[in-house]
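Undergrad: this is a predicted model, with the sequence first.
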Amino acid sequence: MCFYCKERRHILRSCPALKNKNAKPVALVSTQKALAIPVVPETDGCRNYSAFVMHGFVSLEDGGSKVPVSILRDTGASQSFILDNVLPFCEKSSVGSSIPVVGFGMDGMVVPLHAVDLESELVSGRVTVGIRPCFPIEGVSLILGNELAMGNLASAQSRMKDWFDRKASSRNFSPGDKVLVLLPIPGSSLQAWYSGPYQVVKKVGERDYVIGTPDRRRKTRLCHVNMMKQYHEQEPVEVDGEELCPSVSSKPVLAAVVLPPDTGVDVGEARLSVAVTQGKLCNSEALESLPLRLSHLIECQRGDLLA
């Protein structure tokens, strides 16, 4: 059986359909000298690359005359380049070396390197760039390559870490500690809340812990320290000689209703809103009786919400 056309009369090696597919047309060929294909600038300028274009300033020396430039962030370029007519480059600005590059017109070339001061959103400081007489895209004076952008990424990450560490505090847990863990809500895997308390089984690494979750399908799970909170148990309180747990009280629960002044409502006639006495409802159920759900508001406030 042929695995290409599924016919049983031949095998893959002798399949006529596969041979016709791979057949190439034959024509007379004449040799010609290679023609230099000029690079035609984009007529639309850098309009098609507006998302990757930014503005900045360049100068030969720190504190020297700054020249505004349009910068194209090229994620496919391994080297940064600048037009030779932007600054008066000389032997003093040269770093004394060149690099071979391939890309402009797919031709190999040797590009001299010069040092300039660059100020931009991504990179600022003394950088080394290659000098080119023209770019394939009009309206761009400097092409920012990966060697500068990636180097700035490390410093940006370091600054972000410093800002985060200013408000961060080191937390450590021991086996047996009770913690609250950020876990998905049963039946809604896209939502999560802090559940617990659960006990820490053991510590794995510097920031990971194994938590025992006996009330869930997975009896243990590995959690990062950022998903955990210390659980603080409240001591029982004594009321009228009776010891009560703060979380469970045998006394009636009192609810207060705060009325704004000059509402004309007698305090004795004030009633709790159904939004307080009843639990959370679905949106469709709440919208059916929306005025009733807003009965705890004054008339002008209800009108603003229902308008």
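TA: In hand now; what should we look at?
Undergrad: C-alpha only now, for contacts and for neighbours.
TA: Will do.
Undergrad: doesn't residue 199 belong to a strand?
TA: Yes: applying DSSP: H, G, I helix; E, B strand; the rest coil, one finds residue 199 inside a strand.
Undergrad: which non-adjacent residue is nearest it?
TA: residue 178 (4.6 Å; C-alpha to C-alpha, 6 or more residues apart in numbering).
Undergrad: what's the spacing between that neighbour and residue 97?
TA: Distance, residue 178 to residue 97, by C-alpha to C-alpha, to the nearest Å: 63 Å.
Undergrad: again with residue 12
TA: Residue 12 is 57 Å from residue 97, by C-alpha to C-alpha.
Undergrad: out of these two, which sits in the busier spot?
TA: Neighbour comparison, residue 12 and residue 97: the larger count goes to residue 12, with 16 against 10 (by other C-alpha atoms under 10 Å).
Undergrad: right, and that one touches residue 3 too?
TA: Yes: with contact defined as C-alpha atoms under 8 Å, residue 12 reaches residue 3; the gap is 6.0 Å.
Undergrad: buried residues in the longest helix belonging to the chain?
TA: The single longest helix within the chain, with elements called by DSSP state H, is helix 146-167. The neighbour-count check on helix 146-167 (16 or more other C-alpha atoms under 10 Å) flags 146, 148, 149 as buried.
Undergrad: tell me how far that helix is from the chain's mean position?
TA: In terms of C-alpha atoms, centre = their mean, to the nearest Å, the centre of helix 146-167 is set 15 Å apart from its chain centre.
Undergrad: if I pick the residue nearest to residue 199, what's in contact with it?
TA: Residue 178 is in contact with 197, 198, 199, 200, 230, 231, 232, counting by C-alpha atoms under 8 Å, 6 or more residues apart in numbering.
Undergrad: what of residue 7?
TA: Residue 7 neighbours (C-alpha under 8 Å, 6+ apart): residue 1.
Undergrad: can you check the one 5 residues further on too?
TA: Listed by C-alpha under 8 Å, 6+ apart, the contact partners of residue 12 are 1, 2, 3, 4, 18.
Undergrad: correct me, but the fourth one touches residue 18?
TA: Looking back up the chat, that one is residue 4. Yes: applying C-alpha under 8 Å, one finds residue 4 in contact with residue 18, separated by 7.2 Å.
Undergrad: isn't residue 177 up against residue 196?
TA: No: checked against C-alpha under 8 Å, the pair residue 177 and residue 196 is beyond contact range at 11.8 Å.
Undergrad: specify the beta-bridge partners of residue 73.
TA: When bridges are called by DSSP bridges, residue 73 pairs up with residue 144.
Undergrad: that one - how many residues pack around it?
TA: 20.
Undergrad: quick one: it from residue 296, how far?
TA: Here the criterion is C-alpha to C-alpha. By it, residue 73 lies 57 Å from residue 296.
Undergrad: which SS class is residue 18?
TA: helix.
Undergrad: pull the contacting residues for it.
TA: 4, 12.
Undergrad: and it, how close does it get to residue 9?
TA: Residue 18 is 14 Å from residue 9, by C-alpha to C-alpha.
Undergrad: now residue 101
TA: 55 Å.
Undergrad: so for these two, which residue has more residues nearby?
TA: Between residue 101 and residue 9, residue 101 has the larger neighbour count (other C-alpha under 10 Å), namely 16 against 9.
Undergrad: related to what we said a few turns ago, who touches the longest helix of the chain?
TA: Taking C-alpha under 8 Å, 6+ apart as the rule, helix 146-167 contacts 74, 75, 76, 77, 78, 79, 80, 122, 123, 127.
Undergrad: perfect, that will be all.
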